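Predicted model and sequence below, questions to follow.
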Amino acid sequence: MRGEFSRGLQFLVVLLCAISLQACNGSNNTYVPPPPPQVRVALPLQQTVTRYFELTGNTAAINSVNIEARVQGFLETIDYRDGMMVKKDTQLFSIQSNTYQAQVDQAQATLASAQASQVGANLEYQRQLNLSKQQVTTQTAIDSAKATLDQANATILNAKASLDLAMINLGYTKVLAPFDGTVTAHLVDIGALVGVSGPTMLATMVQTDPLYANFSVSEPQVLSIKQSMAAQGRTLTQVDLPTIPVEIGLQGEIGYPFKGHLDYVSPQIDSATGTLSVRALIDNKDHALLPGLFVRVRVPVGHEDKALLVRDDAIGTNQQGTYVLVVGKDETVAQKLVKTGQREGPLRVIDAGLDAGDLVITEGIQQATPGAKVAAEKVAMDAVATAGASGDAALNPDMPKSDASKTTTP
């Protein structure tokens, strides 16, 4: 009995000590909030920006023709390599020419005979005129000599026309390149009879320097251009088109490396599509472009002296629209809905919704939440834009790398 009481007393002492110890430790255990996340902020970059319409279109050959046999005969030679670039008037094919050469010889003989007849008729007419002065001929004889001479002259004209026609047909036996360009693979082999029931296509030839770029401008864009030009007191005429530069780029290509100028603007909008057809002439001396390519087209439409630009990867989107995160004076994050414009390298033009004095978060976006406080480090927008995300981390190794996704919803 006494042993049980002793064990119970010991348990009570241990319990009281544990409660006292817990109370002592609890009095010193205060909550310490985590430090605010570290972010980088930058003022929007202000600079002069050329405004562009960014469109899409297709390239087309400036000249494209089918090379055809215009006379009948056997194909004798193919004088080019398939796919070869040739100069204007280069011989591409030759067709059997002996028949047409004989026709030329025949026409020349007919012309010589007609010329001889003309000489005789002219002498007879002059003789009749001399006799009339001596009053030893009749008017009927003079008229007959004059008619014979006129007929001889007409026969010469007909013989010359026949000779010209024979020469033309003989010339058609040599098929020449109509312009500088590239010839496709031949479609007819040597020895084939061509031109039997009409022109026979032998190949196709295309000229790709320069090159056309065809694209369409929407009706709102057309009205915007007209309003802009009206504000400047200008109107667009066909004469002014070569002064308007056009740049194009291929799919997956950075920038617009190919240069040219406007060449044609349709005089009316297509009511079915609501677009205006436009054509540009693009320099293609290195033949890097081919007809039929899908291209990105950029046409300048104006200048803005103090445009605001921020890093493109600092812009996000959510259900409300496009936004950027900014830091106020109390280092509290706020979300600003913005209207974005064209891209300028790693930067994006902000058309509306952002002020020049706003500090835009460019790094650490994932750690920033609207309404929460952050520890902001200020940098220059042009510097971070040049360095990029990896460059920013190199500037501050202690700062965690952020995955600045454009589709993040805070």
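Yep, it's here. Predicted model, so just to flag it, every value in this text is computed and none were measured.

Find the nearest non-adjacent residue to Tyr264, please.
Take Tyr264 and drop its neighbours on the chain: the residue closest to it by C-beta to C-beta, 6 or more residues apart in numbering is Arg279, 4.1 Å away. All C-beta atoms are positioned from the backbone trio N, CA, C, and that covers glycine.

Ramachandran angles for the most centrally placed residue in the chain?
By C-alpha atoms, centre = their mean, the mean C-alpha position of the chain lies nearest to Ile248, the distance being 3.6 Å. Torsion angles at Ile248 (phi, psi; degrees, to the nearest 10) stand at phi -130, psi 160.

Now do the same for His303: helix, strand or coil?
Counting by DSSP: H, G, I helix; E, B strand; the rest coil, the backbone at His303 sits in strand.

Spit out the contact partners of it.
By C-beta atoms under 8 Å, 6 or more residues apart in numbering, His303 lies in contact with Thr48, Val49, Thr50, Arg51.

ok so, going back, the residue nearest to Tyr264 is in what secondary structure piece?
Assigned by DSSP states H and E, Arg279 falls within strand 275-282.

Could you list every helix and strand that that strand packs against?
strand 200-218, helix 219-231, strand 245-250, strand 258-265 (3 or more C-beta pairs under 8 Å, 6 or more residues apart in numbering; DSSP states H and E).

What lies in contact with it?
For strand 275-282, contacts defined as C-beta under 8 Å, 6+ apart pick out 59, 62, 210-219, 222, 246, 248, 258-266, 268-270, 289, 297.

so how far is it from its chain's centroid?
10 Å (C-alpha atoms, centre = their mean, to the nearest Å).

report the angle between the axes of it and strand 245-250?
90 degrees (axes from the mean of the first three to the mean of the last three C-alpha atoms, to 10 degrees).

Tell me which stretches of this structure form helices.
Under the criterion DSSP state H, helices of the chain are mapped to 2-26, 98-133, 139-171, 219-231, 381-395.

what mean pLDDT does the fourth one have?
Spelled out, it's helix 219-231. In this model, helix 219-231 carries a mean pLDDT of 80.

again, but for the second one
Mean pLDDT, taken over the full extent of helix 98-133, equals 91.

swap in stretch 246-256?
90.

Provide a list of residue ranges in this protein with pLDDT below threshold.
1-29, 382-410 (pLDDT under 70).

Determine the longest strand present in it.
Identified as the longest strand of the chain according to DSSP state E is strand 45-69.

Who are the contact partners of Ala116?
Taking C-beta under 8 Å, 6+ apart as the definition, Ala116 has no contacts.

and the gap between it and Ile225?
As judged by C-beta to C-beta, to the nearest Å, Ala116 and Ile225 stand 72 Å apart.

now Thr48
Separation of Thr48 from Ile225 (C-beta to C-beta) stands at 20 Å.

Gln335 now?
Counting by C-beta to C-beta, the gap from Gln335 to Ile225 is 34 Å.

and what of Arg279?
According to C-beta to C-beta, Arg279 stands 16 Å off from Ile225.

ok, back up a step: check which helices and strands the longest strand of the chain is in contact with.
The elements that strand 45-69 packs onto, with contact taken as 3+ C-beta pairs under 8 Å, 6+ apart, are strand 91-95, strand 200-218, strand 294-311, strand 339-344, helix 381-395.

Sheet partners, orientation included, of the first one?
Just to be clear, that refers to strand 91-95. In the sheet, strand 91-95 lines up against strand 73-78 (antiparallel), strand 174-176 (antiparallel) (DSSP bridges).

Pull out the buried residues from the last one.
Of the residues in strand 174-176, those with enough neighbours to count as buried (16 or more other C-beta atoms under 10 Å) are Val175.

And the contacts of that strand?
Contact with strand 174-176 is made by Ile67, Ala69, Lys88, Asp89, Thr90, Gln91, Leu92, Phe93, Ser94, Ile95, Ser97, Leu202, as judged by C-beta under 8 Å, 6+ apart.

again, 7 Å this time
Residues outside strand 174-176 that contact it (C-beta atoms under 7 Å, 6 or more residues apart in numbering): Ile67, Ala69, Asp89, Thr90, Gln91, Leu92, Phe93, Ser94, Leu202.

about what we covered before: so which of Thr48 and Ile225 has more stuff around it?
Using other C-beta atoms under 10 Å as the criterion, Thr48 and Ile225 rank with Ile225 on top: 17 against 9.

residues near the residue nearest to the more buried one when sequence neighbours are not counted, how many?
What sits nearest to Ile225 in space, not counting adjacent residues and going by C-beta to C-beta, 6+ apart, is Val301, at 6.0 Å. Using other C-beta under 10 Å, Val301 is surrounded by 15 other residues.

which residues does Glu344 contact?
Residues counted as contacts of Glu344 (C-beta under 7 Å, 6+ apart) are Val49, Leu309.

I'd like the strands paired with strand 91-95 laid out as JSON lines, including distance to Val349.
Shown next, in JSON lines, are the strands paired with strand 91-95 (distance: least, C-beta to C-beta, whole Å):
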{"stretch": "strand 73-78", "distance to Val349": "56"}
{"stretch": "strand 174-176", "distance to Val349": "53"}
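
and Asn153, which of those is closest to it?
Asn153 lies closest, by C-beta to C-beta, to one member of the strands paired with strand 91-95: strand 174-176, at 33.1 Å.

that older thread, buried subset of the contacts of strand 174-176?
Among these, those scoring as buried are Ile67, Ala69, Leu92, Phe93, Ser94, Leu202 (criterion: 16+ other C-beta under 10 Å).

Need the max-distance pair from those.
So, the buried ones among the contacts of strand 174-176 by C-beta to C-beta: farthest apart are Ile67 and Ser94, at 12.7 Å.

How is the chain divided into domains?
Following automatic domain parsing, the chain resolves into domains at 39-48+306-395, 51-61+208-304, 67-206.
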